[in-house]
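Colleague: have a look at this prediction, sequence included:
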Amino acid sequence: MVATNVQEPELLRLGTVREVLRSPGPCITIVLPPYHPGEPAGTPAALLKANIQEASRRLPAWPLPKFPLANLLQPLERLAETKELAAGTHWGRAILRSPTACEQFHLTQPVEASLTIAGCFSIKKLAAELVRPRTFYILALAKTKVSLLRCAGVQAEVAKLPPGVPDTLAEALELERPDHDLENRSTAGSSVGSMRSVRFGTGSEPEKAHAHLSDFYKIVDRGIQELLREPETPLILAGVEEDTVLYRSVSGYGYLLEDGIPGSIDLSREHSALLRRAYAILRTDGLRLQRNALLEARERTAPSHFSTNPDILLHAAFEGRLDQLYVNAGVERMDVFERDGYRSWGSEDMLNLAMVQTIVHHGRAWILPGDMMPDGLAAAGLLRF
């Protein structure tokens with residue numbers, strides 16, 4: 001079926017993009033960065049129009065049987081005239097166009113403007129989006145109150161803790177007075193006259209305040225564990241170091257990310273900037289996990305099921321034998337390739353093609369910075385058989 005309209009932007013998901021990646025060429029991948037009015041880079045609409053002009057120049061060199069060039073570009077031209085693209089946007093965008101696909105996606109990670117025309121879409125530029133959690137939370141800490149933000153895609157909303165879990169220290173003190181705050185009494189001696197007992201504290205005021213806050217955070221953490229029952233839901237702390245360190249010391253939540261958002265956070269304000277900082281933290285955490293998984297796989301996988309040869313990996317991907325693929329973000333292997341009905345539209349990045357075929361055949365493909373790839377490898381992969 002021929003696609004004629006660009007769909008409304010959604011988030012890039014593995015299941016969705018797998019179907020799109022099956023599209024026949026030519027495949028146009030346009031990446032538009034975030035834009036704020038007044039920036040010198042130009043609006044997304046202006047960048048898209050420039051990309052359309054460049055595509056018009058390059059595409060006639062390739063045969064387009066039964067599908068005129070004008071039909072391929074018309075949906076993009078209509079999109080470039082929309083008010084949405086002429087205005088500012090907090091998020092980047094990827095537009096994927098082929099004879100059978102016409103999709104656009106919001107991007108949560110920083111991107112640079114680019115245009116790629118090839119036999120397949122340029123998933124290598126977008127692979128970081130495929131490991132994004134569907135939902136995560138930001139817990140903003142303060143000495144008197146906590147606030148919780150539920151984040152999904154490019155949307156965020158304030159969430160409530162479970163019933164009975166206080167969100168202020170004052171409520172916690174009313175709910176459950178900790179043992180260390182209980183008033184101690186001693187029998188009075190003769191020097192205090194008619195008083196029957198004397199009150200005394202169990203510690204200095206700073207010590208008691210620290211203990212109160214610690215107990216408050218323990219109660220909040222129990223509520224967090226009750227609310228976030230899915231073990232793979234990330235939690236990011238936001239607040240000054242004193243509060244985040246104390247919360248970590250008492251928390252039992254299993255997916256509390258190592259990095260947090262420093263400083264005092266006001267969740268009543270616009271959330272986009274906070275979301276962008278959170279996604280940067282998620283990206284760092286994801287890269288760390290992927291690198292560790294690659295190192296473990298190289299150590300434990302039998303040599304017959306692990307390869308660092310890009311040619312072997314590419315053919316294995318086409319054959320559906322590649323289960324996991326790790327690609328060096330800083331390396332390209334440009335070549336022309338034909339196999340199983342696939343034909344390059346000029347010289348293409350074979351590492352990107354291997355990623356596309358891995359995903360199409362229900363494998364997983366990741367992109368790692370060059371300094372995180374062991375021995376500077378161009379690629380590494382785990383074979384199913």
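Modeller: Perfect, I can see it now.
Colleague: switch to C-alpha atoms for all contacts and neighbour counts from now on
Modeller: Fine.
Colleague: so where's the stretch 201-350 of the chain shaky on pLDDT?
Modeller: Applying pLDDT under 70 to the stretch 201-350 of the chain flags the ranges 201-205.
Colleague: where exactly do the strands run in it?
Modeller: 235-239, 261-262, 306-307, 322-328, 334-335, 338-339, 342-343, 348-349 (DSSP state E, counting those that start in this stretch).
Colleague: for residue 226, what are its contacts?
Modeller: Applying Cα atoms under 8 Å, 6 or more residues apart in numbering to residue 226 gives the contacts residue 162.
Colleague: the longest helix along the chain packs against which elements?
Modeller: Determined from DSSP state H, the single longest helix within the chain is helix 272-300. Applying 3 or more Cα pairs under 8 Å, 6 or more residues apart in numbering; DSSP states H and E, one finds that helix 272-300 contacts strand 364-368.
Colleague: tell me the helices and strands packed up against the strand it packs on.
Modeller: Strand 364-368 packs on helix 272-300, strand 322-328, helix 350-360, going by 3+ Cα pairs under 8 Å, 6+ apart.
Colleague: hmm, residue 25 is touching residue 116, no?
Modeller: No: Residue 25 lies out of contact with residue 116 (Cα atoms under 8 Å); the separation is 11.8 Å.
Colleague: about what we covered before: which one of the strands of the stretch 201-350 of the chain lies closest to residue 127?
Modeller: strand 322-328 (9.9 Å; Cα to Cα).
Colleague: what pairs with that closest one, parallel or antiparallel?
Modeller: Note on strand 322-328: by DSSP bridges, its sheet partners are strand 364-368 (parallel), strand 379-383 (antiparallel).
Colleague: what angle do helix 272-300 and it make with each other?
Modeller: 120 degrees (axes from the mean of the first three to the mean of the last three Cα atoms, to 10 degrees).
Colleague: now do strand 322-328: distance to the chain's middle.
Modeller: 19 Å (Cα atoms, centre = their mean, to the nearest Å).
Colleague: next, the buried residues of it.
Modeller: 322, 323, 324, 325, 326, 327, 328 (16 or more other Cα atoms under 10 Å).
Colleague: save these as CSV, and put in distance to residue 144 too.
Modeller: As requested, those are arranged in CSV below (distance: Cα to Cα, whole Å):
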residue, distance to residue 144
322, 52
323, 49
324, 47
325, 47
326, 45
327, 46
328, 46
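Colleague: between those residues, which is nearest residue 36?
Modeller: Of the buried residues of strand 322-328, the one sitting nearest to residue 36 (Cα to Cα) turns out to be residue 328, at 30.9 Å.
Colleague: in this structure the closest one contacts residue 381, no?
Modeller: No: Residue 328 lies out of contact with residue 381 (Cα under 8 Å); the separation is 11.7 Å.
Colleague: re earlier: okay if I get the strands paired with strand 322-328 as JSON lines plus mean pLDDT?
Modeller: Shown next, in JSON lines, are the strands paired with strand 322-328 (pLDDT from 0 to 100):
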{"stretch": "strand 364-368", "mean pLDDT": "96"}
{"stretch": "strand 379-383", "mean pLDDT": "97"}
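Colleague: pipe these into CSV and attach distance to residue 295 per row.
Modeller: Putting the strands paired with strand 322-328 into CSV (distance: least, Cα to Cα, whole Å) gives the following:
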stretch, distance to residue 295
strand 364-368, 12
strand 379-383, 10
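Colleague: got TSV for those, with distance to residue 352 and mean neighbour count too?
Modeller: Listed next are these as TSV, based on distance: least, Cα to Cα, whole Å; neighbours: other Cα atoms under 10 Å:
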stretch	distance to residue 352	mean neighbour count
strand 364-368	10	23
strand 379-383	11	24
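Colleague: and of the ones you listed, who's closest to residue 277?
Modeller: Nearest to residue 277, of the strands paired with strand 322-328 and by Cα to Cα, is strand 364-368 at 19.7 Å.
Colleague: what's the angle from the closest one to helix 350-360?
Modeller: 150 degrees.
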